[in-house]
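Engineer: With the input below, show me the fold.
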Amino acid sequence: MEKGKDKADRRRFLGKYDGLKYGWLKDTKKFIVLLVVLFIVFHNVIGFSFVKGGSMESTLEEGDLVLYTRIYPNYKRGDVISVRIPSGEYYVKRIIAMEGDTIELRDGQVYVNEELLTEPYIDEETFAANDGIVRYPYTLQEGQIFVMGDNRAVSMDSRSFGAVGVRQIKGKIWFRVGKFFIQRI
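Structural biologist: Model (predicted):
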């Protein structure tokens, strides 16, 4: 009788062990699926970036964390984006003009297609970059955008390095996380 009871106790113990092992395996599978989903989402849908420098002040400040979406094919003038510039670095800039538009800088103002661009987000005048390769009026070719920072006095942008391709856009910025708040851009 003692032998049968010992066998039954052993089976109960192993059954509990199998249950724990099964639960652990199930949790591990869930964790791996979660990691794969997060990787896919952050690699293909959304991303985070830190703002470097003061070229987007006062809209964005150095050190702000920004959230951008990668799947936003309908970019338009005025959108704040993360874009890869010709040197290979990623900058946060504002779209000023799109393909087919002609940009001119006159008397400290930006004109797109002969119309004065209303820019409530800037505080100073806009002049051509001293070291820039762009000659005005400048017409954008198919698939090109013209980007500038909001702090025009210190911004390294399309005035210096020329237009960038739409394919170089990393994503449209939607939110910024400042020191104490989250703000929609």
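Engineer: State the distance from L116 to V33.
Structural biologist: 53 Å (C-beta to C-beta, to the nearest Å). All C-beta atoms are positioned from the backbone trio N, CA, C, and that covers glycine.
Engineer: One more: S155?
Structural biologist: According to C-beta to C-beta, S155 and V33 sit 43 Å apart.
Engineer: the more surrounded of these two?
Structural biologist: Neighbours around S155 and V33, counted as other C-beta atoms under 10 Å, are more numerous at S155. The numbers are 24 against 10.
Engineer: A helix includes the more buried one, no?
Structural biologist: No - remark: S155 does not belong to a helix; assigned using DSSP: H, G, I helix; E, B strand; the rest coil, it is coil.
Engineer: Number of residues surrounding the residue lying closest to it once chain neighbours are set aside?
Structural biologist: Nearest-residue entry for S155: G149, 2.9 Å, with adjacent residues in sequence omitted and distances by C-beta to C-beta, 6 or more residues apart in numbering. The criterion is other C-beta under 10 Å. On that basis, G149 has 25 neighbouring residues.
Engineer: separation between G149 and L35?
Structural biologist: Going from G149 to L35 by C-beta to C-beta gives 36 Å.
Engineer: Then I185?
Structural biologist: Following C-beta to C-beta, the distance that separates I185 from L35 is 29 Å.
Engineer: what about the two, which has more around it?
Structural biologist: When I185 is set against L35 and neighbours are counted by other C-beta under 10 Å, the residue ahead is I185, at 17 against 10.
Engineer: so the more buried one touches F175, yeah?
Structural biologist: Yes - judged on C-beta atoms under 8 Å, I185 makes contact with F175 at a distance of 6.5 Å.
Engineer: Pull up the overlap in contacts between those two.
Structural biologist: Common contact partners of I185 and F175 (C-beta atoms under 8 Å, 6 or more residues apart in numbering): V66.
Engineer: can you give me phi and psi for N44?
Structural biologist: Dihedral angles phi and psi of N44 (degrees, to the nearest 10) take the values phi -120, psi -20.
Engineer: and it, what does it touch?
Structural biologist: N44 touches R70, I71, counting by C-beta under 8 Å, 6+ apart.
Engineer: On the three-state scheme, F39 is what?
Structural biologist: Of the three states, F39 takes helix according to three-state DSSP.
Engineer: now it: how far from V33?
Structural biologist: 11 Å.
Engineer: what's the overlap in contacts for these two?
Structural biologist: Contact criterion C-beta under 8 Å, 6+ apart; no residue bridges F39 and V33 by contacting each.
Engineer: Spatially central residue for the protein, please.
Structural biologist: Taking C-alpha atoms, centre = their mean as the criterion, Y68 is the residue nearest the geometric centre of the chain, at 3.6 Å.
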